[in-house]
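Visitor: What shape does this take:
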Amino acid sequence: MKQINFGQIFSIYLGLFSFVTVAFPKMTTIMVLLLLVLVITAYVKKEVSWKFNTPGILLISLYLIYLIGIFFAHELSNGLKYAEYKLALLVLPLLLSIKTKFAIKLQWPVMGLILGTLVVIGIGIVSSCNCYGKHAWLLYCFSSSYISPVHHPSYFSGFLLFATAAAWVGYRKSWKGFSIYAVVGYSVITSFFYFLCLSLAGMLFLGMVLIVLVVYYIYKKWGKWIALSITVLGPVLLFLVLSKLPGIKDDVAVTKKGLSEYLSSPQAFLNKRVADEAIPGNQKRLVMWTVTSELILEHPFGVGTGNVDEYLYARLEKYGFYQLVKDDLNPHNQYLQTTLEIGVFGLLVLLALIISCIYIAIKYRNFLLLLLISGLAFNMLFESMLQRQSGVVFYSFWIPLLIMVIFNDSLNKRDFKEKK
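Guide: I've put the predicted structure just below:
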């Protein structure tokens, strides 16, 4: 009887998991359960063994701190709801902290991610066309939440950038199906929709990535002094470009003005915005960051899992920001959100996770992991990236997966050398 090829089955399923959780996130629970069955079956067949790593342990630890925070929840149902949203922080690192006897083909999950983003783009086009049929407003309907109805635009722009980078890695490694024409075509599509997401944070991060790549190329080609000059001029050029882009330039101008006023006098900035019912989006962030920071100083060990909204809204009402309460906003900063909810210990675990991933990415020269964790770390400055289930699942899947592939490849190479 022919032996089951667990390597092929496992790799293909990871591709299916990647596809479904991006394209149809409501099916995530089913996909996690099937992954659990697959891993347990492989373990019983002695095809895998558990081998924990630092990032995986930190992800699990972060979830356990959220569980402890439930004991301080004013309403148990709220605490349990948040714990359910973040369950992937526990389950996926547990299932993917394994050493395998078979090779894991990363091209399958990457292919699943690419196909998933294309499906989401298709859904976004339908959504935007429906909007345009009702409102006949081109820029409004073909941007932001209408072009990205499945995932928050800031989240989806991060998914698109990572998927595009992974596609180029596939081309460099000559993966089947990753021809130059396919990868360039996909890159053109994702670049267009990346812009339509209208995420200022996404644009800034993309600009930073491009500057780093250009500087690296120039350093290799012409030396450190020219590279250093580009490093200094790059951010200035990036700001000038963003200041001229349609749909982004107004956002940049408003952000610049609001930040200038805020730095001059935070209290005056807040007082001026109390009477303004139409506070621009990025100035709302400044209000939320200020209020959240005040609460953190009062509650350095956190207010408890599920209690953040209660404390935030009470403080916003105290200042008179009734419209922001109606808008149901979170702090729009994961570092502040985590600290307010589960305290400085939660923040330290989150920071340790980022640092450990960056260390592994640099040590093993893994560009994809470095891009993934850098994008997450940067976007968490402007969005609570781990407050939506789509963000939690995406990063809880890809971080352990990339590290599992890195470590398994490293162990296999070491075993091969020892045998020789």
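
Visitor: can you list the weak-confidence ranges in this protein?
Guide: Within the chain, the segments meeting pLDDT under 70 span 1-4, 234, 237-282, 411-420.

Visitor: Excluding chain neighbours, give the residue nearest to the residue most central in space within it in space.
Guide: In the chain, the residue lying closest to the centroid (Cα atoms, centre = their mean) is residue 376, at 4.4 Å. Ranked by Cβ to Cβ, 6 or more residues apart in numbering and with sequence neighbours excluded, the top spatial neighbour of residue 376 is residue 395, at 5.7 Å. Where you see a C-beta, it was placed from the backbone N, CA and C, and this is true even at glycine.

Visitor: what about that neighbour, how many neighbours?
Guide: With neighbours defined by other Cβ atoms under 10 Å, the count for residue 395 comes to 24.

Visitor: before we move on, which element is it in?
Guide: Applying DSSP states H and E as the criterion places residue 395 in helix 389-419.

Visitor: Now that helix: buried residues?
Guide: Buried residues in helix 389-419, counting neighbours by 16 or more other Cβ atoms under 10 Å, are found at 389-408.

Visitor: so what secondary structure elements neighbour that helix?
Guide: In terms of contacts (3 or more Cβ pairs under 8 Å, 6 or more residues apart in numbering; DSSP states H and E), helix 389-419 is packed against helix 6-23, helix 54-69, helix 88-96, strand 98-100, helix 153-172, helix 334-363, helix 367-379.

Visitor: who does the first one touch, helix- and strand-wise?
Guide: Right, the one you point to is helix 6-23. Identification of packing neighbours for helix 6-23 by 3+ Cβ pairs under 8 Å, 6+ apart yields helix 28-44, strand 98-100, helix 107-135, helix 389-419.

Visitor: quick one: that helix to chain centroid distance?
Guide: Relative to the mean C-alpha coordinate of its chain, helix 6-23 is positioned 19 Å out (Cα atoms, centre = their mean, to the nearest Å).

Visitor: Now do the buried residues in it.
Guide: Under the neighbour-count criterion of 16+ other Cβ under 10 Å, helix 6-23 has 6-7, 10-23 buried.

Visitor: Equivalent analysis for the last one, please.
Guide: Applying a neighbour-count criterion of 16+ other Cβ under 10 Å, one finds 368, 369, 370, 371, 372, 373, 374, 375, 376, 377, 378, 379 buried in helix 367-379.

Visitor: which one of those residues is nearest residue 34?
Guide: Nearest to residue 34 among these, counting by Cβ to Cβ, is residue 372 at 23.8 Å.

Visitor: Surely the closest one and residue 162 touch.
Guide: Yes. In this structure residue 372 lies within contact range of residue 162 using Cβ atoms under 8 Å: 5.6 Å.
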